[in-house]
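>>> what's the 3D shape of this:
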Amino acid sequence: MTVYVDDAVHPWRGERWAHLLADTLDELHVFAARLGLPRHAFQNKTSGAHYDITAAMRDRALALGAVAISRHRDRALVRAVIANARRQGRGEIP
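Here you go, the predicted model:
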């Protein structure tokens, strides 16, 4: 099982944000808790189950073992991770 963090670091509210995703929702929630994210920060969207994290949290997530994925380099992997997150967000898989 793996936790991923993308390189989509978008500006919003004075910060730059990325997405934290995982192979399973349980793993995603456990990892998010390790980052100090509250459960209500979970984005259970049909577009993909994830947590939004700041650039600083992204660096910490990588230090804790998250795998960096890039829309520019890892297109097939990113598509697979996002497809999995979408299934999770629709409740198709736990």
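>>> list the contacts for residue 87?
For residue 87, the contacting residues are residue 93, taking Cβ atoms under 8 Å, 6 or more residues apart in numbering as the criterion. C-betas here are computed from N, CA, C, even on glycine.
>>> hmm, what's the outermost residue in the chain?
residue 14 (20.0 Å; Cα atoms, centre = their mean).
>>> where is the longest helix in this protein?
Counting residues, the longest helix found in the chain (DSSP state H) is helix 75-89.
>>> tell me the mean pLDDT for it?
Averaging the model's pLDDT scores along helix 75-89 yields 83.
>>> residue 61 contacts residue 35, doesn't it?
Yes. Between residue 61 and residue 35 there is a contact under Cβ atoms under 8 Å: 6.0 Å.
>>> got any residues that touch both of those two?
Counting by Cβ under 8 Å, 6+ apart, the residues touching both residue 61 and residue 35 are 20, 53.
>>> these two: which is more packed in?
Neighbour count, other Cβ atoms under 10 Å: between residue 61 and residue 35, residue 61 has more, with 24 against 18.
>>> name the nearest residue to the more buried one, ignoring sequence neighbours.
residue 5 (4.9 Å; Cβ to Cβ, 6 or more residues apart in numbering).
>>> who does that neighbour bridge with?
Note on residue 5: beta-bridge partners by DSSP bridges are residue 20, residue 68.
>>> doesn't residue 44 belong to a strand?
Yes. Counting by DSSP: H, G, I helix; E, B strand; the rest coil, residue 44 is found in a strand.
>>> look up how far residue 50 lies from it.
According to Cβ to Cβ, to the nearest Å, residue 44 and residue 50 sit 9 Å apart.
>>> who's more crowded, these two?
Just comparing residue 44 and residue 50: by other Cβ under 10 Å the higher neighbour count belongs to residue 50, 26 against 12.
>>> immediately after the helix or strand hosting the more buried one, which helix or strand?
Remark: residue 50 resides in strand 48-54, with elements defined by DSSP states H and E. Downstream of strand 48-54, the next assigned helix or strand under DSSP H and E is helix 55-63.
>>> buried ones in that following helix, by neighbour count?
Neighbour-count burial for helix 55-63, counted by 16 or more other Cβ atoms under 10 Å, picks out 57-58, 61.
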